[in-house]
Every structure is written in structure tokens, then in C-alpha cells.
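J.: Here is my input; please provide its structure:
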Amino acid sequence: MCFFRRKKKKKEAQEQQRISHEELKKQSVERALADQTEQPVKAKEPVAKKAVENNKTEDVVQDNPTKTSASKYHVSQNKDEKSEHFKSWRVRKEGSQKTIKFFLTQLEAIEYAQDLADKAGTTIVIHKVDGSIRKQDYTKK
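T.: Below is the predicted model of the structure:
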């Protein structure tokens, strides 16, 4: 295969990859919006347990109900050198590897995350450039 055909084929492959990357970003934004509109999960009822000591049944002990808190939003800088958004600020949900949205400045990302957190009834965690936590449980005042 000659040089020009290889170059053309490589260019077409990059264009296909860019298109698929944009589709993935759209899908992740749609999923994030769908996650925001979901109803919050109700806390479970307290479960009664019997405490057994020396083969004797004692009083019934109530467990604390498990709190199902909404996951926090994290504002951090993208460190992936292969990404087209390298060194951009991103907003992600806690425990997720997918980015909701990228921003050029940290301030824009914080404002966007505050809106999401207010709608979800949760807080945000703001990271420094080096990845350490700058502010935890941050809410708009």
C-alpha cells in the first residue's frame, strides 16, 4: 500500500474514532441527566436482631438504618495525557470513571457541579491540581 493510501486510511480511522468518542460523550451526559431525575432511594426499615449471649436470648436490639446518601460530585483535573481534554477540569460522580462534563476553568466546573449537587441534594468535593482534596462536602451558601 502506498504512502498516500495509508495516510488516507489513518485519517479516516481517526475521524471514525472522533465520531464514536463524541457519541460516547453524548451518551454519558444523557445517563448523567437520567441519574439526576431518578427518585431518591428510601432508607431501609430498621432490622430487629436478637442478641445471644451464653445461650440466653436477651432484649431485641435495633440496628441503625443504613443511610443511602446520594453520591457526591468530584471536581478534578484530567490527568490522562492521551485524552483530548488533557488538563481540563472535569465533573464526575463519586465512584464513577465516566466524566459528566469537561471545563476550561475550575470555577466553571465548580459552578456546574454545585447545580448538579443542589438538584441531587448532595455535596461536592473539590480537588487541587495535584489531585489532593481542597474542599470536602462543599455546598453553595
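J.: who does the host helix or strand of residue 92 pair up with?
T.: Element membership for residue 92, per DSSP states H and E: strand 89-93. Paired neighbours of strand 89-93 in the sheet (DSSP bridges): strand 73-77 (antiparallel), strand 99-103 (antiparallel).
J.: so what's the most centrally placed residue in the chain up against?
T.: What sits nearest the mean C-alpha location of the chain, by Cα atoms, centre = their mean, is residue 93, with 1.5 Å. Neighbouring residues of residue 93 by Cβ atoms under 8 Å, 6 or more residues apart in numbering: 32, 35, 71, 72, 73, 74, 100. C-beta: built from backbone N, CA, C; applies to glycine.
J.: the bottom helix or strand of the protein by mean pLDDT?
T.: Comparing every helix and strand of the chain by mean pLDDT, DSSP states H and E singles out strand 56-62 as the least confident one, with a mean of 42.
J.: what stretches of this protein score poorly on pLDDT?
T.: Across the chain, the ranges flagged by pLDDT under 70 are 1, 33-69, 140-141.
J.: one step back: out of the contacts of residue 93, who has the most neighbours?
T.: Highest neighbour count within the contacts of residue 93: residue 73, with 27 neighbours (other Cβ atoms under 10 Å).
J.: That one reaches residue 124, doesn't it?
T.: Yes: with contact defined as Cβ atoms under 8 Å, residue 73 counts as touching residue 124 (4.5 Å).
J.: any shared contact partners between the two?
T.: Common neighbours of residue 73 and residue 124 (Cβ under 8 Å, 6+ apart) are 113, 116, 117.
J.: Which of those residues sits closest to residue 128?
T.: Among those, residue 113 lies closest to residue 128 (Cβ to Cβ), at 15.1 Å.
J.: how about that closest one, phi and psi?
T.: Here is the backbone geometry of residue 113 (degrees, to the nearest 10): phi -60, psi -40.
J.: For whichever strand or helix holds residue 115, enumerate the helices and strands it packs against.
T.: Secondary structure from DSSP H and E places residue 115 in helix 106-120. Packing partners of helix 106-120 (3 or more Cβ pairs under 8 Å, 6 or more residues apart in numbering; DSSP states H and E): helix 3-37, strand 73-77, strand 89-93, strand 99-103, strand 124-127.
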